[in-house]
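J.: coords please:
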Amino acid sequence: MSLEPDDLLAIGEVVRRTGVPATSLHFYEQLGLISSTRTAGNQRRYRRHMLRRISLIVVAKRLGIPLTDVHEVFQSLPADESPSQRDWQRVARLWREQLDLRRTQLEHLRREITGCIGCGCLSLKACRLLNPEDALADDGPGPRRI
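T.: Numbering: from 1, shown residues only. Next up is the predicted model:
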């Protein structure tokens, strides 16, 4: 039996196919990341194309991408029908931009941490090379250089 993109899947089948617990699916639904319909018996049914959305959520979580960022990207996709190839290309472009920015931020963090640990003091607060006389404290709380 072959499945069509609009075929409805029971929650157990979605859990089996994605490895995502039912409680997480309910949470993603509350956040508006995925959607389902209800049967006459009030059971959730997911369109098959939701499997791709759920898979992208799983990958995003592995990469440390906040669900708010996932939600933002998903806003441009149709929720009630299978996204077109053009839709997915647009989403891929948005993801690339976000991932490139994240990579730049991580590379900057790596350079800063390596530089700080390299001085030997092991303390950002007391570091005389990167923060002489704790001047960055005047800029406000939290990490100022990273």
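J.: Can you pull out the low-pLDDT segments for this structure?
T.: Across the chain, the ranges flagged by pLDDT under 70 are 1-6, 114-133, 142-146.
J.: Residue 34 reaches residue 47, doesn't it?
T.: No. The pair residue 34 / residue 47 is not scored as a contact, 9.3 Å apart, by CB atoms under 8 Å. The C-beta positions use only the backbone N, C-alpha and C, and glycine is treated the same way.
J.: For residue 18, give me its contacts.
T.: By CB atoms under 8 Å, 6 or more residues apart in numbering, residue 18 lies in contact with 51, 54-55, 58.
J.: Name the nearest residue to residue 7, ignoring sequence neighbours.
T.: residue 48 (4.9 Å; CB to CB, 6 or more residues apart in numbering).
J.: Kindly tell me how buried the one you found is, as a neighbour count.
T.: If you count neighbours by other CB atoms under 10 Å, residue 48 ends up with 17.
J.: can you give me the strands in this protein?
T.: 8-10, 37-38, 44-47 (DSSP state E).
J.: Just name the most buried of the ones you listed.
T.: Mean neighbour count, computed with mean count of other CB atoms under 10 Å, is highest for strand 44-47 among the strands of the chain, reaching a mean of 20.
J.: packing partners for that strand?
T.: strand 8-10, helix 11-18, strand 37-38 (3 or more CB pairs under 8 Å, 6 or more residues apart in numbering; DSSP states H and E).
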